[in-house]
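*Asks:* can't give you the sequence, but here's the structure:
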């Protein structure tokens, strides 16, 4: 067996702020946990809520899967992780607040490979991915993120006509994506006016309708106008909505939104698990191949508005996102 792993936070100078976590239990389980970036900047035990969430899940998963009566059911594992986050809310006296406001929740994506006697079980909650034998990728594709990424892509050139400062262009494009086109103009008035915001809104809605013809126009308008902070939370673990998506957040994850796939163990040679900070996969197995792909993506499109769409881009000092890769060759 060969195991390779790598993780780096969006700020390479502050590795202690990395919101991704790894779980390596040789012969039992392998996982990547991606904490969801906090929308308000709140801290718990000295950590932003995304980092706090990923650490809760890591510790709970290691405890659960190291026990003598290790669970073999993916749904049971997800329920246990959910309860661990709920316990954290209770310890901070905020479970009712978290139930009422998704923006204050401790949220994380989980990509887990569970080793069974005859199978390898892939369990996914959220948008981290698993690649099997270097060929087949198992991942939840999240149209909602594409909508906000397209919003940022359409905002980018409008902002670029108003400022030549790349740092300001990045920060303003994030601001539009985060708070939407109907946010108070005072927050962007030093660069953008009402006509600029209207232009961004119209272009973003039109581009999303063209790219995602199967998505209701009302949902696209809601996300473009409200942005991530004001509109995204209502879709989290909401199975009744077309754009509903799964996430570990201390409240029930609808079972049909949890991806579970059982693979014959004898047919799996390699498993690669990765968070969404990698914008393209490696050409081969191992950290070196995936880091080369990461470097290629950064060179091709550092702003993430041309080839690799994202709600955030990289700057001279910060990557667009944390990234983590875990690979096992059996």
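*Replies:* That came through, no problem. What you see is a predicted model, and the numbers here were worked out from it, not measured in a lab.
*Asks:* list the contacts for residue 115?
*Replies:* For residue 115, the residues meeting the contact criterion (Cβ atoms under 8 Å, 6 or more residues apart in numbering) are 27, 28, 29, 30, 265. In short, each C-beta sits where N, CA and C put it, glycine included.
*Asks:* what's near enough to touch the last one?
*Replies:* If a contact means Cβ under 8 Å, 6+ apart, then residue 265 has 115, 116, 117, 118, 119, 120 as its contacts.
*Asks:* got TSV for these, with secondary structure and distance to residue 257 too?
*Replies:* Formatted as TSV, the contacts of residue 265 follow (DSSP: H, G, I helix; E, B strand; the rest coil; distance: Cβ to Cβ, whole Å):
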residue	secondary structure	distance to residue 257
115	strand	24
116	coil	22
117	coil	28
118	coil	26
119	strand	22
120	strand	21
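*Asks:* in ChimeraX, how would I select the buried members of the residues you listed?
*Replies:* Selecting only the buried members of the contacts of residue 265 in ChimeraX, with burial defined as 16 or more other Cβ atoms under 10 Å, works like this:
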select :115,119,120
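*Asks:* which of the contacts of residue 265 lies closest to residue 269?
*Replies:* Proximity of these to residue 269 (Cβ to Cβ) peaks at residue 120, which lies at 10.8 Å.
*Asks:* thought residue 133 was touching that closest one, still the case?
*Replies:* No: using Cβ atoms under 8 Å, residue 120 is not in contact with residue 133, being 11.0 Å away.
*Asks:* what sits in contact with each of those two?
*Replies:* By the contact definition Cβ under 8 Å, 6+ apart, residue 120 and residue 133 are jointly contacted by residue 268.
*Asks:* OK, contacts around residue 82?
*Replies:* Applying Cβ under 8 Å, 6+ apart to residue 82 gives the contacts 248, 249, 250, 251, 252, 253.
*Asks:* helices along the stretch 51-200 of the chain, start to end?
*Replies:* 74-91, 95-100, 143-160, 166-179, 194-211 (DSSP state H, counting those that start in this stretch).
*Asks:* what does the stretch 201-330 of the chain give?
*Replies:* Under the criterion DSSP H, counting those that start in this stretch, helices of the stretch 201-330 of the chain are mapped to 217-231, 287-300.
*Asks:* please work out which of those is packed deepest.
*Replies:* helix 217-231 (a mean of 20; mean count of other Cβ atoms under 10 Å).
*Asks:* that helix vs helix 166-179, what angle?
*Replies:* Put simply, helix 217-231 runs at 110 degrees to helix 166-179, going by axes from the mean of the first three to the mean of the last three Cα atoms, to 10 degrees.
*Asks:* beta-bridge partners for the closest residue to residue 128 other than its chain neighbours, please?
*Replies:* Closest residue to residue 128 apart from its sequence neighbours, by Cβ to Cβ, 6 or more residues apart in numbering: residue 111 at 3.7 Å. Judged by DSSP bridges, the bridge partners of residue 111 are residue 32, residue 124.
*Asks:* so residue 111 makes contact with residue 137?
*Replies:* No: with contact defined as Cβ under 8 Å, residue 111 and residue 137 do not form a contacting pair (11.1 Å).
*Asks:* between these two, which has more neighbouring residues?
*Replies:* Neighbours of residue 111 and residue 137, each counted by other Cβ atoms under 10 Å, are more numerous for residue 111; the result is 28 against 12.
*Asks:* residue contacts, the nearest residue to residue 138 once chain neighbours are set aside?
*Replies:* Taking Cβ to Cβ, 6+ apart, and ignoring the residues beside it in sequence, residue 138 has residue 130 as its nearest neighbour in space, at 4.7 Å. With contacts defined as Cβ under 8 Å, 6+ apart, the neighbours of residue 130 are 111, 113, 122, 124, 137, 138, 139, 271, 272, 273, 274.
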